[in-house]
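In: Next comes the sequence, and after it the predicted model I'd like to discuss.
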There are 2 protein chains.
Amino acid sequence: MTASSPSGSQGSTDPDAVVRAAGSRLDPWINDYALRASSMTASEIRALFAVASRPEVVSLAGGMPFVEALPLDRIADAVSRMIKERGSYALQYGSGQGDPQLREQILDVMSESGVVAHPDDIIVTTGSQMALDLAVRVFCDPGDVVLVEAPSYVGALSVFKSYECDVEHVAMDDDGLIPEALDEAIRAVKASGRRPKLIYTVPTYHNPAGVTQTPDRRHGVLEVAKKHDILVLEDDPYALLGFDGKVPRAIRADDSDQVVYLGSFSKTMAAGLRVGWAVAPHGVREKLVLASEAAVLCPSNFTQSVVSEFLAHEPWREQVDTFRDVYRERRDALLESMAQLFPEGTTWTVPQGGFYSWVTLPEGLDSSTMLPLAVSERVAYVPGTGFFADGQGRRSLRLSYCYPPPDRIREGVRRLAAVIEQELEFSKTFGTTGSRPLARGGVPNPDLA
Amino acid sequence: MTASSPSGSQGSTDPDAVVRAAGSRLDPWINDYALRASSMTASEIRALFAVASRPEVVSLAGGMPFVEALPLDRIADAVSRMIKERGSYALQYGSGQGDPQLREQILDVMSESGVVAHPDDIIVTTGSQMALDLAVRVFCDPGDVVLVEAPSYVGALSVFKSYECDVEHVAMDDDGLIPEALDEAIRAVKASGRRPKLIYTVPTYHNPAGVTQTPDRRHGVLEVAKKHDILVLEDDPYALLGFDGKVPRAIRADDSDQVVYLGSFSKTMAAGLRVGWAVAPHGVREKLVLASEAAVLCPSNFTQSVVSEFLAHEPWREQVDTFRDVYRERRDALLESMAQLFPEGTTWTVPQGGFYSWVTLPEGLDSSTMLPLAVSERVAYVPGTGFFADGQGRRSLRLSYCYPPPDRIREGVRRLAAVIEQELEFSKTFGTTGSRPLARGGVPNPDLA
C-alpha cells in the first residue's frame, strides 16, 4: 500500500490529500501484489462480452453446455433422495482426494476411453480446471516451459500464465498435434537452456480447434514425451461427445506413467456442479492431493454425492446420447450455414464431436479488430488471439455451437457472413481493416470455458 | 522423469532393470516437481490419524462441524424445490465472482459482525480456504513474510508454505494477538531486509487457541497494520457461534481498505457445500476474481444456489442457534471434565465460542511424543507443533469439542488425563518422556480444518 492510502488521508482538508485519495481508489495495494499477479488483468474482450450477453446478440462465443437438456424433475428427485439417505455425509467435510465411491464410478466412465486405473490413482477436483491448476502448481517453477497446441484452451493458458510459465505453441493440423513439430519445439526449448516441464494437449474434439488427434498422432505424441521424459497433461472433457457415438482411445490408455489425464462431468452432466478429476501416476497423485488440501481442504462432498447418485441410479449414458444428438444437430446447422454463406477465402475445421469449429478469415482480415463491428451487428465469437500466448491467431476465430438452438446458429452465421463481407470490402478499398486493436489473450471468462 | 522410468524397463530381464523399476515406483517424477512442491509432504501425524478414526477412539482432534444437527428432510425439500425452480441456472457455469443473489445475502449474514459492504466487494469461493489460497497467490512472492498468531490455523500455514512464504509467529494471550508484539515482529522482519506482506489473524474463537481478541486488541492490530501499510487477512468462520449469542465486531467493520475478510458457511450451514467468501478492497477483489477464474473458472452455481435457497426460505438464524446450543453443551462437558480430571500443572483456554480449547501440558511433557500412547489408549488430539511453522508448541495440544457428544468428550478427557498422568510418572522416574518425535506441521487433513 502506498502513502496515498485513503485511510491515511481521512479527515484531512489538504486538497492534495483529496487527489491522493482519488488516485488511491484505483488501487492502493498496487505495489504489494506478487509478481504472478501482474499477469492477472481483465482483457478488453471481456468488456465487449458484457455487451455480447444481451439477448439480441447471437453468441457463438460461449462454451456453455446446453444444460436445458437435463431432466430437472428427475434430478430434483435424485438429489432429494440422496440428501435423505446420506445427507450427513454429503454435508460434511470429505476426503481431500475425493469420495471413494465416486472414484470407483469414474473408472467406469473412463473405461469408455480405454483408460484402466485404480480408484487410488484418481483425485476429484472443483472442475477439471482445478486439476489443471494443481498439476501446474505441483510441476512448474517460474520460467518452466509448457508445450501446447497452436491454438490452445484459453483457460489453460490462463493457468500457465498465473504460475509464470513460458508457453510454446506447437503446430497442429486437421489430424491434431504434430509429433515432429513437438519434438522440434522441445529440442529448441532445451537448446535455449530452459526446462520443458509439461506437454498440454486436448486430443479429442479440441477446444478451440475442433479437430481430433488420430491414433497415429497420439502414439507419436506419447513417443516424443517418453523420449524427452516430459509429462503429458491430457485434457479430455469432450471424450464422450463424439457424433459417431464412438469414443477415441485416450493417450493415457496406452501409458499410465507418462500421462496425467483430466476428466470432467461439466459436459456430460452439469458444469454447475464443478466436479472434475485427474488420473495420475502414484507419486504425482500424492502431490496433487496435498496441493488440493492446501487450496480447498477437500472438494464438495455434496456435489460429488449428486454426481455419484446420478451415475448409480439415473440413465447417464442415455443422457450423454441426448447431449450428443443436440450438439450434432447444432454442428450441422453451423457447418451448413457457413458453407452456404461465408465468403470465399474463409475456411473452417469440421468437428466430429465437442463444441467448436475454428474459422480462418480471408487474407488481410483481423478477427480482433472485426469483433466490435460483429457485436454491433448482434453476433459474437472469440477472436483467435485469445487462444495463443504469443499474439498469433489474428486471422482466426472460434465459433461454438453448443448453446444456441440451430435457427439462432444459422442467424448468427448470416450476420457474421455479412460482417466478413463488409470487412473484405473495407480491406479491398482501403487496404486495411479497423484500427482498434483488442488486448491479446487475457483471462478466461467462464462463458469461454 | 529419470532414466529409471518403468516404461524404460518394460520387458527387460536385466536384474538391474527390476531394481530400477522398483525404485522408480517410489516416484519417477521426483526430479521434475516445482520448488514449492518440496514442502508438500504428508506428515507422520496423518498416519496416526488413520488409526485415530477407528470408532473405539474418542477423537478430540477433528474440526468437523456437527452436521447431524441439520434437518435433512427440510434441506432435501428446499434443494428439490430449488432445482425445479432454477435448475438450469444452478447446473450451468456461473460468474467467476459468485452468484449475485448470494452475494447480496452474504451482506445480511455479515451485518451481524458489523461489516458493511457492497455485493461487488464480495467474491464467493470453494470454501473460505480457497479465498485464503487466492489472497496469498495474489500477494505473496516466495520469501515474503506472513505474520500469524502463535499458534495459528494449520490450513493457513499449509497455504503459506505452498506459496513459499516465510511465516513469523506473533505472541498472543487470552485476549488474542498482542499489537505491541505484532509491531515489534514487523520491525524485525523489515530490519532483516524481508518484506512483510500479510497479517493473518483469526480474531474470534481462535483455531486452535480458543481465545477471542478484545475490542481494544482489534483496534491495536488495525493501527499497527495501518502504520506499516500491511494488509490484514481476517479469517472469521466461527463469528456467529458465540455462546453468549453476541457476535464480536469484525476488524473489517472498522476499516474497509486495510482488511480482506474471509467468511464461511461451513460452520453455520454445512461444510460439505464448500461455500465461503472474501470481502476485499476493490482492486484486490478484482485480482482475486481473476485468480479464481484461473483456478476453478467459477465456484459451483449449484452449491451457491443451495445456500441461497436456505438463507432465503429456511430459518437459518434458528439453525445457528441450534448449533450454538450443541457446541455450548459440549464445551461445558470438556471444561468440567478437564477441571475434574487433568493433573496439576495442566492449563487450558476457556473458549467463549467456536470449536477448540488449547491445552498446555505440565513442564517436561511433549504432546507429539505422547500422541502414540494417547491413541493406544483410545483418545486422539492434535499436537501443538502442527500449529506452528517453526517447531514451537511441543508442550501444547488442541482439543476440539465440536463433534463428539458430551459423554464421549468426558470419556476422552478421562482417557487423556490417564495418559498425561502416565507421562508425568515416566518423566519423574526417567527425567524424560517418550523418544519418538513426530513430524512437525504437515499439511492439513480436512478433519483438522
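Out: Nice, thanks for sending it over.

In: going forward, measure contacts between C-alpha atoms and count neighbours the same way
Out: Fine.

In: how about the helices in the stretch 1-150 of chain A?
Out: A:15-24, A:44-52, A:72-90, A:100-111, A:127-139 (DSSP state H, counting those that start in this stretch).

In: From the chain's centroid, how far away is the last one?
Out: So that's helix A:127-139. 13 Å (CA atoms, centre = their mean, to the nearest Å).

In: What mean pLDDT does it get?
Out: Averaged across helix A:127-139, pLDDT comes to 98.

In: can it be found next to chain B?
Out: Yes. If you take CA under 8 Å from any CA of the partner chain as the test, helix A:127-139 does meet chain B, through A:127, A:128, A:129, A:130, A:133, A:137, A:138, A:139.

In: List the neighbouring strands of the strand ranked longest in chain A plus their orientation.
Out: Longest strand in chain A, counting residues (DSSP state E): strand A:166-173. According to DSSP bridges, strand A:166-173 has the following sheet partners: strand A:145-150 (parallel), strand A:176-177 (antiparallel).

In: just checking, what packs against the helix or strand hosting residue A:186?
Out: Assessed by DSSP states H and E, residue A:186 sits inside helix A:179-191. Contact partners of helix A:179-191 among helices and strands, from 3 or more CA pairs under 8 Å, 6 or more residues apart in numbering or on different chains; DSSP states H and E: strand A:145-150, strand A:166-173, strand A:196-201, helix A:215-227.

In: what does that helix contact?
Out: A:145, A:147, A:168, A:170, A:171, A:195, A:196, A:217, A:220, A:221, A:224, A:228 (CA atoms under 8 Å, 6 or more residues apart in numbering or on different chains).

In: send the alpha carbons of it over as PDB?
Out: Extracted in PDB, the C-alpha atoms of helix A:179-191 (Å, rounded to 0.1, in the frame of the first residue of the first chain):
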ATOM      1  CA  PRO A 179       4.700 -35.100 -33.100                       C
ATOM      2  CA  GLU A 180       7.600 -34.000 -35.300                       C
ATOM      3  CA  ALA A 181       6.800 -30.300 -34.500                       C
ATOM      4  CA  LEU A 182       6.600 -31.200 -30.900                       C
ATOM      5  CA  ASP A 183       9.900 -32.900 -30.900                       C
ATOM      6  CA  GLU A 184      11.500 -30.000 -32.600                       C
ATOM      7  CA  ALA A 185       9.900 -27.500 -30.200                       C
ATOM      8  CA  ILE A 186      11.200 -29.400 -27.200                       C
ATOM      9  CA  ARG A 187      14.700 -29.500 -28.700                       C
ATOM     10  CA  ALA A 188      14.600 -25.800 -29.200                       C
ATOM     11  CA  VAL A 189      13.500 -25.200 -25.600                       C
ATOM     12  CA  LYS A 190      16.300 -27.300 -24.300                       C
ATOM     13  CA  ALA A 191      18.800 -25.600 -26.600                       C
END
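
In: relative to strand A:166-173, how tilted is that helix?
Out: If you take axes from the mean of the first three to the mean of the last three CA atoms, to 10 degrees, helix A:179-191 sits at 160 degrees to strand A:166-173.

In: Let me know the average pLDDT across helix A:179-191.
Out: Mean predicted confidence for helix A:179-191 is 98.

In: List the buried residues of that helix.
Out: Within helix A:179-191, the residues that count as buried by 16 or more other CA atoms under 10 Å in any protein chain shown are A:179, A:181, A:182, A:183, A:185, A:186, A:189.

In: Relative to chain B, which residue of the stretch 251-400 of chain A is the closest?
Out: residue A:272 (4.0 Å; CA to the nearest CA).

In: Would you confirm that that residue belongs to a strand?
Out: No. Counting by DSSP: H, G, I helix; E, B strand; the rest coil, residue A:272 is not found in a strand; it is helix.

In: how about it, what does it touch?
Out: A:266, B:89, B:90, B:91, B:92, B:93, B:94, B:300, B:301, B:302.

In: Can you list the helices and strands that the host helix or strand of residue A:318 packs against?
Out: Using DSSP H and E, residue A:318 maps to helix A:316-341. Where contact means 3+ CA pairs under 8 Å, 6+ apart, helix A:316-341 is packed against helix A:406-430.

In: For the helix it packs on, name the packing helices and strands.
Out: strand A:58-59, helix A:316-341, helix A:367-376, strand A:379-380.

In: and these, which is most packed in?
Out: strand A:379-380 (a mean of 28; mean count of other CA atoms under 10 Å in any protein chain shown).

In: Relative to the whole chain's centre, how far out is that strand?
Out: On CA atoms, centre = their mean, the centre of strand A:379-380 falls 19 Å from the chain's centre.

In: tell me what it is packed against?
Out: helix A:44-52, strand A:58-59, helix A:406-430.

In: and that strand, which strands flank it?
Out: If you go by DSSP bridges, strand A:379-380 pairs up with strand A:58-59 (parallel).

In: same question for the strand it pairs with, mean pLDDT?
Out: 96.

In: Over to stretch A:333-352?
Out: pLDDT averaged over stretch A:333-352 gives 98.

In: okay, how far is it across it, tip to tip?
Out: Start-to-end span of stretch A:333-352 (CA to CA, to the nearest Å) is 14 Å.

In: and whichever residue of the stretch 101-250 of chain A sits closest to chain B, how many neighbours?
Out: Residue nearest to chain B within the stretch 101-250 of chain A (CA to the nearest CA): residue A:139, separated by 4.3 Å. When neighbours are defined as other CA atoms under 10 Å in any protein chain shown, residue A:139 has 23 of them.
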